[in-house]
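> Predicted model, plus sequence, below.
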Amino acid sequence: MTARRALAVLVLLQGLGCAALSPSVPTKPDAPAFSLLRHDIQVTIDPALHRMKGLDRVTIKAGDRELREIAVTLNTSLVVAWVSREGARLPYARRAHQIVVRLDRPAAAGETFALDFDYAGEINDPPKEPRHLRFVTPSETSGHIGPEGVYIGPETYWYPDAPDSLASYRVAATTPPGWETIGQGALTAREVKPEGTVTTWEAATPSEGLTLAAGQFVVATRKSGPTEIATYFYPEEAALADEYLKAAAAYLDAYSAILGPYPFPRFSIGENFFASGLGMPSYTLLGAGSIRRRYTQPYALGHEIVHSWIGNHVFNDGGGNWVEGLTTYLANYYWHELKGDRQKAREERRMMLLSYALYVPPDQDYPVAQFKRKSDPRDNAIGYNKTAMVFHMLRREIGDERFFAALRTVVSEYGGRRAGWKELEALFGRVAGRDLRSFFARWIEQPGAADVAADADPDFHLFRRMPRGDLPAMLNLFVTDTKRLVVMPTGDQKVVAPYAELAERVSKQDSVAVQTADRPSQHEWGKASVLLLGGPAAGAAFEWAKRGVPPGVELRPDGFRVGGKEYRGADKAVLVSFRNPDDPSRVVSVFYGLSQAAAQAVSRLLFFYGWSSYVVFENGKAVAHGDEP
Ligand SMILES: [Zn+2]
């Protein structure tokens, strides 16, 4: 269906005599042989044995042609007991992930019919810690059932599925006594029986998949207009429920006013048993660490809630991903405008340009249209931040009234369906009453940024490239330099220990050399960005670096002065960056603690503090930061 709609848009554009069509025009793929319309699932989950047993009645619609067999995907660990149609068993064959079912009589083109699948097996893929140095990613699992918790989603293939299907779901899940299940849509029934708790969820609006989570949760609820908000937290975090319910209510109110009525009857915030920030239709799953850190900010809970409209109600098509950029714009950024905090809004725009300047060298740039998902900071800078800035420019181009009217139209016209950049272009153009081809061609289909001088755009309203030499000195300039040098202090074990693990981790990256401070290598220090560990303990290297220390900054073994303040005490540590005295296009970042413990407490998380010229730590916690000390 998506392909056909895209074609209709193209015909319309050509009819209007529009200019250059994108070379990435989709050609019409073979229409799918069938689509899955609905799943009616009964599932029994046994966490102790990592097992589930499922019975799924799948409603199927034949495509343009007569259908004699269908192939669906199911996790290879799940064994099918039988497949039937109206009570009659059907023959089927298993080929790895695929179940190919032979129909007893052919389905006519367009005919709707139901098949029942009975299956059971083990889902046991315990989440693994991701191995990334400074980029937060969720733990990796394709789905898990265990005593610590249950998480099964579309990528688990825990019910028979077909690619690109948008279906509605009803699920009745039985879990052991004391366990609660979180599902999508409305909670229509919850019965406590001797054998366990049966929870029924009805997701009436079509979506891309069904995710279930379960755990021994404490449930709290609150009403916000017609919407029920619920938290499913483990007892340790249960006291934070109120804070989350309140924050969610504020976001739901604000974004309903902007995007139209919240599309689901309920919004749940679930605590996950592994690190995650996952957004599903009508709920979000956050790791315990996130929940404890008060993950209620616009870029966190706000972002997940905006996904309720954008991404979990209107879906990306198979082309570029516009959903993340728009969600970032509306949540991470626009919330501050909405609250009247112009300073914070300006700072957010600056940060978006900054991430592009740091993580997207011109020779590694790619167009927004090519972004699909984030796997590194470059994807984040393009797919999230640049795309958000492009929506900002589009808003300034067509005006607030038309921009927000178009957003409401996107939700009302494409709710429960997929849309791509082409559909957005047509829709924004229609609402704005003008042709937006050149805007979309420039900003979506081509890489790069506006060629504008900094003084022509002092408030960061345009998507432009800030030259690296103009950025405030910061650790991220070290991180993104093509030549990097880590200097380790020398001396006894006590001096070296807090930095050893950090140096070891950094040294595993490309283009990083590690050396000790007693090596007189001034010619090398001047040709790289340098991370100088140990501060004054780094001997000759520190003496060399001192020439670049800005006025007002003092770095001594027993104390330091940054941001106009003097700091002393064994609990303090500092990270301060400044221009390399021999090559101002590069940086020197100095990190040291006033005691071994103070340095140790920061070491592991140092790279989370890459955005400021200086950061002061007290017992491992950042207590002050700023630019250009
Ligand atoms: Zn997102």
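Structure received. Numbers count the residues shown, from 1 in each chain.

> Where does pLDDT dip in the chain?
For the chain, applying pLDDT under 70 flags the ranges 1-30, 130-139, 520, 629.

> Now do Ala450 against Phe463, distance only.
6 Å (C-beta to C-beta, to the nearest Å). C-betas here are computed from N, CA, C, even on glycine.

> Please apply the same query to Glu543.
In terms of C-beta to C-beta, Glu543 sits 42 Å off from Phe463.

> Show me which of those two is the more surrounded one.
Phe463 (24 against 12; other C-beta atoms under 10 Å).

> Met393 is in contact with the more buried one, correct?
Yes. Taking contacts as C-beta atoms under 8 Å, Phe463 lies within contact range of Met393: 6.3 Å.

> what do those two both touch?
Trp443 (C-beta atoms under 8 Å, 6 or more residues apart in numbering).

> Get me the contact residues on the stretch 201-350 of the chain for the ion.
324, 327 (C-beta under 5 Å from the ion).

> can you tell me which residues contact whichever residue of the stretch 451-600 of the chain sits closest to the ion?
Distances between the stretch 451-600 of the chain and the ion by C-beta to the ion are smallest at Phe463, namely 19.5 Å. Shown in contact with Phe463 (C-beta under 8 Å, 6+ apart): 353, 356, 386, 389-390, 392-393, 443, 449-450.

> one more time with 6 Å, if that's ok
Neighbouring residues of Phe463 by C-beta atoms under 6 Å, 6 or more residues apart in numbering: 389, 449-450.

> Repeat that for Trp82.
89, 118.

> Show me what Ala189 is bridged to.
Beta-bridge partners recorded for Ala189 (DSSP bridges): Thr200.

> Just to check, it is in contact with Val198?
No. If you go by C-beta atoms under 6 Å, Ala189 and Val198 don't touch, sitting 7.3 Å apart.

> more crowded one of the two?
Using other C-beta under 10 Å as the criterion, Ala189 and Val198 rank with Val198 on top: 17 against 11.

> Make sure that one is indeed in a strand.
Yes. Assessed by DSSP: H, G, I helix; E, B strand; the rest coil, Val198 belongs to a strand.

> Enumerate every residue touching it.
So Val198 contacts 172, 174, 191 (C-beta under 6 Å, 6+ apart).

> give me the element the second one is part of.
Element membership for Thr174, per DSSP states H and E: strand 167-175.

> Mind listing the strands that strand pairs with, and their directions?
Strand 167-175 is paired, per DSSP bridges, with strand 34-46 (parallel), strand 196-207 (antiparallel).

> Just the CA coordinates for stretch 282-294, please, in PDB.
Taking C-alpha atoms only, stretch 282-294 is exported to PDB below (Å, rounded to 0.1, in the frame of the first residue of the first chain):
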ATOM      1  CA  SER A 282       1.300   3.400  24.600                       C
ATOM      2  CA  TYR A 283       4.300   2.600  26.800                       C
ATOM      3  CA  THR A 284       7.900   3.000  27.500                       C
ATOM      4  CA  LEU A 285      10.400   0.700  29.100                       C
ATOM      5  CA  LEU A 286      13.300   2.300  31.100                       C
ATOM      6  CA  GLY A 287      16.100   0.600  32.900                       C
ATOM      7  CA  ALA A 288      16.400   0.900  36.700                       C
ATOM      8  CA  GLY A 289      19.400   3.100  36.400                       C
ATOM      9  CA  SER A 290      17.500   5.600  34.200                       C
ATOM     10  CA  ILE A 291      14.500   5.600  36.600                       C
ATOM     11  CA  ARG A 292      16.600   6.300  39.600                       C
ATOM     12  CA  ARG A 293      18.400   9.100  37.800                       C
ATOM     13  CA  ARG A 294      15.000  10.800  37.400                       C
END
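
> mind listing what's buried in it?
282-288, 290-291 (16 or more other C-beta atoms under 10 Å).

> What lies in contact with it?
182, 184-185, 213, 237, 264, 266-272, 275-278, 295, 304.

> Touching, Ile99 and Val72? I think so.
Yes. With contacts counted by C-beta under 6 Å, Ile99 reaches Val72, the gap being 5.3 Å.

> So for the two, which residue has more residues nearby?
Taking other C-beta under 10 Å, Ile99 and Val72 do not tie; Val72 has more neighbours (25 against 20).

> The stretch 401-550 of the chain: strands as residue ranges?
417-419, 484-488, 512-516, 529-533 (DSSP state E, counting those that start in this stretch).

> Please identify the deepest-packed of those strands.
Mean neighbour count (mean count of other C-beta atoms under 10 Å) peaks for strand 529-533 among those, with a mean of 27.

> how's this protein carved up into domains?
Domain assignment for the chain, taken from automatic domain parsing, gives 33-212, 217-309, 315-466, 475-626.

> ok, which stretches of the stretch 501-629 of the chain are helices?
522-525, 539-545, 596-603 (DSSP state H, counting those that start in this stretch).

> If you compare the directions of the longest one and strand 529-533, what angle comes out?
Using axes from the mean of the first three to the mean of the last three C-alpha atoms, to 10 degrees, one finds that helix 596-603 and strand 529-533 are set 140 degrees apart in direction.

> and helix 596-603, what does it pack onto?
helix 493-507, strand 572-580 (3 or more C-beta pairs under 6 Å, 6 or more residues apart in numbering; DSSP states H and E).

> So what touches the helix or strand that contains Arg102?
Assigned by DSSP H and E, Arg102 belongs to strand 98-107. If you take C-beta under 6 Å, 6+ apart as the criterion, strand 98-107 is touched by 62, 66-72, 74, 83, 88, 90-93, 113.

> who's in contact with the nearest residue to Thr231 once chain neighbours are set aside?
Once flanking residues are discounted, Thr231 sits nearest to Ala241: 4.2 Å by C-beta to C-beta, 6 or more residues apart in numbering. Taking C-beta under 6 Å, 6+ apart, we find Ala241 in contact with 220, 231, 233.

> got the contact list for Ala186?
So Ala186 contacts 202, 265 (C-beta under 6 Å, 6+ apart).

> Could you report the distance from it to Pro361?
48 Å.

> Same check on Asp481?
10 Å.

> neighbour-wise, which of those two wins?
Neighbour totals were compared for Asp481 and Pro361, and Asp481 leads with 20 against 12 (other C-beta under 10 Å).

> list the contacts for Phe560?
Counted by C-beta under 6 Å, 6+ apart, Phe560 has contacts 567, 574.

> before we move on, what about Arg38?
59, 167-168.
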